[in-house]
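Enquirer: Below are the sequence and a predicted model; questions follow.
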Amino acid sequence: MYYPAYYIEVIRYGLTTLFGLSLFIQLYYYFRFYFQVPLKRRTPQLIKYPISVIVCARNEAENLEKNLPTILNQAHENFEVIVVNDCSTDNTDNVLAELMLKYKNLRTTTITPDKKFTHGKKLAVTVGVKAAKNEWLVFTDADCAAGSDQWLNRLQENFTDSTDIVLGYGGYKRRRGLLNRYIRFDTAFIAIQYLGFALAGKPYMGVGRNLVYRKSLFFKNKGFASHYNLISGDDDLFVNETANKRNTAVEFHPESHTRSEPKITWGQWFGQKKRHVSTASRYKPKHYFLIGLEPLSRLLFYLTFCYLLCMNLFHPYILIAGGVRFLFQVIILSIGFYKLRERKLFVWMIIFDFISIFINCCIYLSTAIRSKKSRWK
């Protein structure tokens, strides 16, 4: 079919305009949000507060035996650890009993099965919060190990009269293989995003592997009342409801990290990721728009960039403009990944940046089309 030259020119300049717009949006995200992590300067508070660490566990005997000592051996002067044993059928009771003989600051509470009533992790978290003696609550998972014995000290350096929430970083341990590299890239990139948004005054989520908030904030928000029926959301939806630019702090000193064992198959990770993203549609509209605009602009950038290059349209200008974006991406993410101690990802950065668009699209579509119940962990 023959198209007049006029229409061809309109399409050509339309695609060029779309390329320029997507490039502008990408650079905006990198400098407005992602660059916040490399620029972050610490101003630690010296006042020590008593802390309650809450760990919810269901059939996690092996993980508790391995990871709980890293939490119980913290250098903080005044803290308790509460493990909520949520209907476990493995050796969890015995593991906790042995640890309680050694650690006087370990407390446990148990939820027993009820055939007439089923529940998710949110009940276990609520039980842990009610059992806590202290105002400041630190949350992590049974499969998480504290990055150092200074974990609690680093987190509490952000506790002030105006702070209600502290967002920490929960990464995954480094293992061999492509999947592990992608998991660590995906986790670090998302962290740079939500930590960067928080530093820019727009906090929208946190992760339960390393999260702090006040006990009074939990009850003021009526816990998880607005989304108790959902499997997920005990961390990100709670933060989305209660966080603002005045009451939220960020901590990602290397000693403040937690590390978890990553999934070992793509199928396992895919299922985990589906649970993580299942709550995104419940975010506040402004947050939902902002976190959705970035991958959309990234997709448009790659598509228009490749098309304009292949068609040899404005070739040197397109190449220079795209190169600028790639240069800033590599610099900003490299510094951010270094601060999060996610190493040996430099070579994979641009590759994963591109393929993650399609992987995440498949996950979101799968979650939207087929929403089914799963375990809370």
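Expert: Now that the structure is in, tell me what you want to look at.
Enquirer: Spatially nearest residue to Thr109, not counting backbone neighbours?
Expert: Ala131 (5.1 Å; C-beta to C-beta, 6 or more residues apart in numbering). In short, each C-beta sits where N, CA and C put it, glycine included.
Enquirer: Can you report how many residues lie near the one you found?
Expert: Residues within reach of Ala131, counting by other C-beta atoms under 10 Å, total 16.
Enquirer: can you pull the contacts of it?
Expert: Listed by C-beta atoms under 8 Å, 6 or more residues apart in numbering, the contact set of Ala131 reads 82, 84, 107, 109.
Enquirer: do Lys220 as well
Expert: For Lys220, the contact set (C-beta under 8 Å, 6+ apart) is empty.
Enquirer: mind running it again at 10 Å?
Expert: 164, 214, 242 (C-beta atoms under 10 Å, 6 or more residues apart in numbering).
Enquirer: Distance of the residue nearest to Thr109 relative to Thr110?
Expert: 11 Å (C-beta to C-beta, to the nearest Å).
Enquirer: Touching both of the two, which residues are there?
Expert: What both Ala131 and Thr110 touch, as defined by C-beta under 10 Å, 6+ apart, is the set 83-84.
Enquirer: List the buried residues for the strand or helix carrying Leu18?
Expert: Per DSSP states H and E, Leu18 falls inside helix 5-29. The neighbour-count check on helix 5-29 (16 or more other C-beta atoms under 10 Å) flags 15-16, 18-19, 22-23, 25-27, 29 as buried.
Enquirer: Average pLDDT for that helix, rounded please.
Expert: Helix 5-29 comes out with an average pLDDT of 84.
Enquirer: Tell me how far that helix lies from the chain's centre.
Expert: Centroid displacement of helix 5-29 relative to its chain, using C-alpha atoms, centre = their mean, to the nearest Å, is 33 Å.
Enquirer: where do the strands sit along the stretch 51-200 of the chain?
Expert: For the stretch 51-200 of the chain, strands defined by DSSP state E, counting those that start in this stretch occupy the ranges 51-57, 79-86, 106-111, 136-141, 144-146, 165-167, 170-172.
Enquirer: swap in the stretch 251-377 of the chain?
Expert: Using DSSP E, counting those that start in this stretch, strands in the stretch 251-377 of the chain cover 258-260.
Enquirer: So which residues of it form helices?
Expert: Secondary structure of the stretch 251-377 of the chain (DSSP state H, counting those that start in this stretch): helices at 266-277, 285-310, 315-339, 349-369.
Enquirer: between the ones you listed, which gets nearest to Arg259?
Expert: Closest approach to Arg259 among these is made by helix 315-339 (14.9 Å; C-beta to C-beta).
Enquirer: buried sites along the closest one?
Expert: By neighbour count with 16+ other C-beta under 10 Å, helix 315-339 contains the buried residues 318, 321-322, 325, 328-329, 332-333, 335-337, 339.
Enquirer: rewinding a little: which one of the contacts of Ala131 sits closest to Arg298?
Expert: Using C-beta to C-beta, the shortest approach to Arg298 within the contacts of Ala131 belongs to Val84, at 39.6 Å.
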